[in-house]
Structure formats: structure tokens, C-alpha cells
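S.K.: Next comes the sequence, and after it the predicted model I'd like to discuss.
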Amino acid sequence: MTVRSLLVKGMLVGAVAGVVAFLVASVFGSGPVQAAIDFESATAGGHDHGDELVSRAVQSTVGLATATIVYGLAIGGFFGIAFAIAYGRIGRFSPRATAALVGLGGFVTTALVPFLKYPANPPATGDPATLDQRTVLHLLMIVIAVGAAIVAVSLGRSLRARLGDWNATLAAVGAYVLFVGAVLMLLPSVESVPDGFPALVMWEFRLSSLGTQLAVWATLGLAFGALVERAAAPATPRERVGAPS
Amino acid sequence: MTHPTVSAPAVAPVPVAIPWRTLAPWLAFASVLGVVLLYFVGAEQGVLSVIAGETVHEFVHDGRHLLGFPCH
């Protein structure tokens, strides 16, 4: 296992994760996105999709796939580096278990925690006037959630000798939840959902958006570990069973 | 055929050697590249605009919304 091979595997699995995310997003997300755009056209406000710079057919297929695969590729690279740092340093975990934990951590810190404060918005529900504020706050939320998780992991490591593995982990997770909870309370909310926007469309859109993120991180967390463990396993004689010597 | 245990391997895992001095420039470069990719998927032609117009924004429009990036 070298950083080089882990980075390459991360990007490869990341691209696959992007494909899985594309499938989840198009099966569950394109309905609510279209419903939101229909609402927008019906009320004729806000962002104009009428120019057709890029047609809806392209946006919801090639465009969506490009976005999720490029996103998966970049996230996968970071995942590979994070795995290289975490493996053997966060406890006695096999490659598969380490990858699953890194995947869980990535999902919670970059998707779930930001989602609790600044959830994904379907078309027609974001006020262009607050875009700069929302972009900065969303990014800030991710930076805080990831940074606090790194601090929590090192806190857990330093408490291990005194509290033991289980209690040190609980203490670190507890400290993380308290801190992130406080940040969620203190940061300002920015919501600008227009009157009459169907609540059901909002719910379905946000669920599908969270599902898309879950697809990225679950694929990375599960497939990356399997790939690494397979590559690291010594050649077993079972392949030769039954074959004439 | 033996299944390796998932949670507690028999042999303690050996941390991956990270030669920071050798790797730092490459990791910095890769991270910058990763951030640039994420920027183009998530934020180009939103608050900031490197390429004029709306084409990049419109092309990745659905992905941007569904991946949870703030969007118009």
C-alpha cells in the first residue's frame, strides 16, 4: 500500500461513485427538478430557464453525468489521501473497515451536517440576491464540519490510553455532536422558498439530493476498501485448486 | 478459503508510510486540482465567473442542484 496506489484507486472508485450518483440522481432527482422548473415557469419569476443555452435534455443527462463523475473523481482523490492517513492510525481496523469509516466520516461532514443547516435547494427556491451569502455559508459549514471531525479524531486518539477504545470514541463523538450542534444553532439561516412552492416537491428533491451524496460516499466507502484489501491480500493458493500442476 | 475479519484483523495494520517531504508538492498540486474541479462543478458562474456567460452553469445545472451546492 502506497500513497500513490491509494490515490489512483481513490480516483478510479470515485469515478464509479460518480456514475452511481448519476443513476440515483436521475432516477429520484430528475422528477422533482422538473417539477420545480415547471413551478418556476408557471410563476415566471427568478432565474430564467427559457433561453435554452443548454437544453433540459442535455442538462438532465450528459450535464448531470459530467457533474457527478467529475465530482466523484475529485472526491475520490481526497478519499484516497484521507484513507492513506487514516489506515493504521485511527485504530485496529482492516482496510475495508477503515474505508467504510472514512466514507461515513466524509458523508457526515461534507453532506449530512451541511444539509442540516443549508440543505440543497431545487430550482426556483433560491434567491439570486443571497447566492453569495449562501455559497460562503455552505462552504464554511463544510470546512467547520470537516475540521471539527479531524480534531475529534485526534481527541479520541489522545483519550484512548485513559478511557479505553469505546469510551474514548464516545467522548470524541459526543464532543463533535455538541460542537457541531452549537455551530448549527449560531450560523444564520437563509431560506427564500417562494410562496406556494409545493412542499412535497421540496421534500422529494432534498431526499434525492441527500441520496445522491449517500451514493457517492457509500460507493467509495465500500468499493474502495474491497479493492484495497484485494490488492493487499497475499496470493492465495485457492486459485490453483483443481488446476493441474 | 478464509474470510479476513472486517473489524479486527489478526495482525495489527501497518500505517501507510507518508513521506511528507517527498509528497507535499504532489499532494498540494492534487488538492488544488481537486478544488478546481469541485469549483467548476459546484460554483463557476455563480458568485464568481472565470468563463464568461452561463453555459458552464447551465450544463452542470442539475448536478449542481442535486449535489447540494447553493445555486441561484
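M.R.: Great, that's in hand. Numbers count the residues shown, from 1 in each chain, chains lettered A, B, ... in the order given.
S.K.: which ones are touching A:Gln213?
M.R.: A:Ala21, A:Phe107, A:Thr110, A:Ala111, A:Leu112, A:Phe115, B:Leu67, B:Gly68 (CB atoms under 8 Å, 6 or more residues apart in numbering or on different chains). Any C-beta I mention is one placed from the backbone N, CA and C, and that applies to glycine too.
S.K.: Just name the closest of those to A:Leu222, please.
M.R.: Using CB to CB, A:Phe107 comes nearest to A:Leu222 of the contacts of A:Gln213, at 11.8 Å.
S.K.: ok, and the closest non-adjacent residue to the closest one?
M.R.: A:Trp217 (3.7 Å; CB to CB, 6 or more residues apart in numbering or on different chains).
S.K.: these two touch, right, that neighbour and A:Ala100?
M.R.: No - using CB atoms under 8 Å as the test, A:Trp217 is too far from A:Ala100 to be in contact (9.9 Å).
S.K.: Can you pull the poorly scored residue ranges out of the chain?
M.R.: By default, I'm working from chain A. A:44-51, A:235-245 (pLDDT under 70).
S.K.: Chain B is the one I meant
M.R.: Across chain B (using pLDDT under 70), the flagged ranges come out as B:1-8.
S.K.: residue in it nearest to chain A?
M.R.: Chain A sits closest to B:Gly63 of chain B, with a gap of 2.4 Å, by CB to the nearest CB.
S.K.: Can you give me the neighbour number for that residue?
M.R.: 29 (other CB atoms under 10 Å in any protein chain shown).
S.K.: Now do the contacts for it.
M.R.: With contact set as CB under 8 Å, 6+ apart, B:Gly63 has these partners: A:Ala25, A:Gly63, A:Leu64, A:Ala65, A:Thr66, A:Ala67, A:Thr68, A:Tyr71, B:Val41.
S.K.: again, only using 6 Å
M.R.: Taking CB atoms under 6 Å, 6 or more residues apart in numbering or on different chains, we find B:Gly63 in contact with A:Leu64, A:Ala67, A:Thr68.
S.K.: same check, this time on A:Thr68
M.R.: Here A:Thr68 is in contact with A:Gly18, A:Ala21, A:Phe22, B:Gly63 (CB under 6 Å, 6+ apart).
S.K.: Just give me the neighbour total for the second one.
M.R.: Right, the one you point to is A:Ala21. When neighbours are defined as other CB under 10 Å, A:Ala21 has 31 of them.
S.K.: Now name the helix or strand holding the residue nearest to A:Phe107.
M.R.: Secondary structure assignment for A:Trp217, by DSSP states H and E: helix A:199-232.
S.K.: Make TSV out of the contacts of A:Gln213 and add secondary structure and distance to A:Gly164.
M.R.: Below are those laid out as TSV (DSSP: H, G, I helix; E, B strand; the rest coil; distance: CB to CB, whole Å):
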residue	secondary structure	distance to A:Gly164
A:Ala21	helix	38
A:Phe107	helix	27
A:Thr110	helix	30
A:Ala111	helix	31
A:Leu112	helix	28
A:Phe115	helix	33
B:Leu67	coil	39
B:Gly68	coil	37
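S.K.: ok, and the most crowded of those?
M.R.: A:Ala21 leads the contacts of A:Gln213 on contacts (other CB under 10 Å) with 31 neighbours.
S.K.: dump the residue contacts of that residue.
M.R.: Here A:Ala21 is in contact with A:Thr68, A:Thr212, A:Ala215, A:Val216 (criterion: CB under 6 Å, 6+ apart).
S.K.: my guess is the second one contacts A:Leu23, does it?
M.R.: No - the pair A:Thr212 / A:Leu23 is not scored as a contact, 9.5 Å apart, by CB atoms under 6 Å.
S.K.: Chain A contacts on chain B?
M.R.: Applying CB under 6 Å from any CB of the partner chain, one finds that chain B approaches chain A through B:1, B:6-9, B:12-16, B:18, B:23, B:30, B:34, B:37-38, B:41, B:46-47, B:54-55, B:58-63, B:66-68, B:70-72.
S.K.: List buried residues within the residues you listed.
M.R.: Using 16 or more other CB atoms under 10 Å in any protein chain shown as the burial test, these include B:9, B:13, B:16, B:23, B:30, B:34, B:37-38, B:41, B:46, B:54, B:58-63, B:66-68, B:70-72 as buried.
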